[in-house]
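Participant: what shape does this take:
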Amino acid sequence: MFDWVKNICENIKDLDFSVDKYKSDSIIQSLPTVAYVNKAKKLIETKKFAEAESLLLKALDISEQDDLIYKYLGKIYEQNAKFEQAAGYYEKSARLNPQDKEIWLRLGMCQLNCSQFNEAISSFEKADKITPVNTDVQTGWGMALMRLKKYALAHDRFIAATKISKYNFTAILLSAVMEVKLNDYDSAETKLKFLAKVAPNEGSIYEYANLKLLKSDYNEAVKYAKKAIEINKKMLPAYFILGEVYSIQKDKEKTQKVFQSALNNDLDDPILRFEWGKAYLRLFEFEKAKEQFTLALNGNGSYLGPKIGLALVNCYDNDFTLLDELKEKYGQSVYIQEGIALERLDAGKTEDAIEMFKKALRTDSKQTYNCYHLANAYKILNNDVKVREYYEKFFMENPHYVKGYIEYSKWLIDVSDFEDAQRKLRKAQKLDKNNTEILNLLFFTLYTLVNKKICEYNIKEAISVAEEAQVLGDFRYETEKHELENILKNIQENN
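Facilitator: Prediction:
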């Protein structure tokens, strides 16, 4: 996304004499290296890197003390993205001529590309002393600090870079990214909104989408993520934003479609599989989540994220082996916290499990399945108030989870709250009309309410539900249905 390769060539006159003639005519015998370097510079300008390198290596045979030879060898390797070798040459050049106004910047950028972040910082510090008003130096320095997760210090450098040049859009973007890291969303939004208007690219648009996601502005997050993909179909993180939003919104079809779209654009990757697995977790599709986490690990066996995800889904099957391997070191993960809570619940340590489920919710309030767990845990403690509280919290965020309605309704029946059970089962029936378990529970609920208060309408309603279940071939209350039919017959005969 960021182009750090500057113009490395000067407009110089081509040499119209041979190096051998220059050497023989020259009074100062070091001058032939200048001829080699100047010729190499022109070759670099026309991207003839192999020929330029050959000339510079010949120059080294003449003198190993010419900083420009090493500098331009470094440029060749940097142009070819061989940053480690480039850094080696730049270091030699810098030792010979530490006052070169460009060398420390180039060295720092190569070290940055080699993940030598502390070394890069040192190089940028030296560059800043020689050229103290250089926007690129400040930007590179900030990038090295950013990679070390020193976000506040990095932010200071990016701001300094923008003060030197208001057209340094890279520094503006990165300062906004740092502000997001530092939870200064308002300032970040000002910058990202500006970039979206004056310098839109897949990077700035993606970051704006990500900020909107963090602010739970899902419509805008989707809008800008789609724009980033329009600019660059290979912008993989933008697909992740869409997948996260759709899974939070419990839209299974759109979630699956967006990840499949990434696959169709040749973006299959362990990170994609991990994000897909996380989306399935939000949709409570645990077997599908397990499949994606496994695919991610097959692609990269050392990838920690899907391993932690797999540990959680295994806990749903009462398999805590992988959790035991990870929980001591990665207890800050919401997935591990949820897994530990399930392990404690399985061991009969209900109150400890409840505390860990609550901790997981504090870690990530969007992982609302922990509310479902809490409702079930409080059932064990016979705390009816808390059971209702956490079921209701869960359904506030997950109004389409059929299995949850069924479990909640069963509990409501157990505590003889048939009116509320009926309401919950009606909601479930709207979501899954042909679910015979829902129909049977609904009939039993209506049958019980009719026996408490006989009403012709309610009897007809219960019989209608029974007939729907019979059509589907799974009805369990034939005796009770006949009883209601007889009651209805008597009412109609007496009228």
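Participant: rest of the way, CA atoms for contacts and neighbours
Facilitator: Will do.
Participant: SS state for residue 99?
Facilitator: coil (DSSP: H, G, I helix; E, B strand; the rest coil).
Participant: use 514 as the first number for this chain going forward.
Facilitator: With the count now opening at 514, the last piece we talked about shows up as residue 612.
Participant: list the residues that contact the spatially closest residue to it that is not a sequence neighbour.
Facilitator: Leaving aside its chain neighbours, residue 612 sits nearest to residue 643 (6.7 Å; criterion: Cα to Cα, 6 or more residues apart in numbering). Contact analysis of residue 643 by Cα atoms under 8 Å, 6 or more residues apart in numbering lists 612-614.
Participant: and residue 643, how far is that from residue 621?
Facilitator: Going from residue 643 to residue 621 by Cα to Cα, to the nearest Å gives 14 Å.
Participant: ok, now residue 962?
Facilitator: For residue 962, the distance to residue 621 - Cα to Cα - is 77 Å.
Participant: with residue 991 instead?
Facilitator: From residue 991 to residue 621 the distance is 81 Å (Cα to Cα).
Participant: settle it for me: which of residue 962 and residue 621 has more neighbours?
Facilitator: residue 621 (30 against 19; other Cα atoms under 10 Å).
Participant: nearest residue to the more buried one in space, please, no chain neighbours.
Facilitator: residue 633 (4.3 Å).
Participant: secondary structure element holding that neighbour?
Facilitator: Here residue 633 is covered by helix 630-643, with elements defined by DSSP states H and E.
Participant: just checking, the residue nearest to residue 621 touches residue 624?
Facilitator: Yes - here residue 633 reaches residue 624: they are 5.2 Å apart, a contact under Cα atoms under 8 Å.
Participant: compare these two (neighbour count), which wins?
Facilitator: Per other Cα under 10 Å, whichever of residue 633 and residue 624 has more neighbours is residue 633, with 27 against 23.
Participant: for that one, list the residues it contacts.
Facilitator: 620-625, 654, 657.
Participant: quick one: those residues as CSV, columns for pLDDT and secondary structure too.
Facilitator: As requested, these are arranged in CSV below (pLDDT from 0 to 100; DSSP: H, G, I helix; E, B strand; the rest coil):
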residue, pLDDT, secondary structure
620, 97, helix
621, 97, helix
622, 97, helix
623, 97, helix
624, 97, helix
625, 97, helix
654, 97, helix
657, 97, helix
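Participant: from those, pick the one nearest residue 682.
Facilitator: Using Cα to Cα, residue 654 is the member of the contacts of residue 633 that sits closest to residue 682, with 15.6 Å.
Participant: what count of nearby residues applies to the closest one?
Facilitator: 30.
Participant: check contacts around it.
Facilitator: By Cα under 8 Å, 6+ apart, the residues touching residue 654 are 633-634, 637-638, 667, 670.
Participant: then residue 858?
Facilitator: Here residue 858 is in contact with 865-866, 890 (Cα under 8 Å, 6+ apart).
Participant: looking at neighbours, which among these is most surrounded?
Facilitator: Neighbour max across these (other Cα under 10 Å) = residue 866, 25 neighbours.
Participant: helices of the stretch 564-713 of the chain, start to end?
Facilitator: Assigned by DSSP state H, counting those that start in this stretch, the stretch 564-713 of the chain shows helices spanning 580-592, 596-609, 616-626, 630-643, 648-660, 664-677, 682-694, 698-711.
Participant: show residues contacting the third one.
Facilitator: In other words, helix 616-626. Contacts of helix 616-626 (Cα under 8 Å, 6+ apart): 517, 584, 591, 596-597, 599-600, 603-604, 606-607, 611, 630, 632-637, 639-640, 649-650, 653, 656-657.
Participant: what about 7 Å?
Facilitator: Contacts of helix 616-626 with the rest of the structure, by Cα atoms under 7 Å, 6 or more residues apart in numbering, involve 596-597, 599-600, 603-604, 607, 630, 632-634, 636-637, 639-640, 650, 653, 657.
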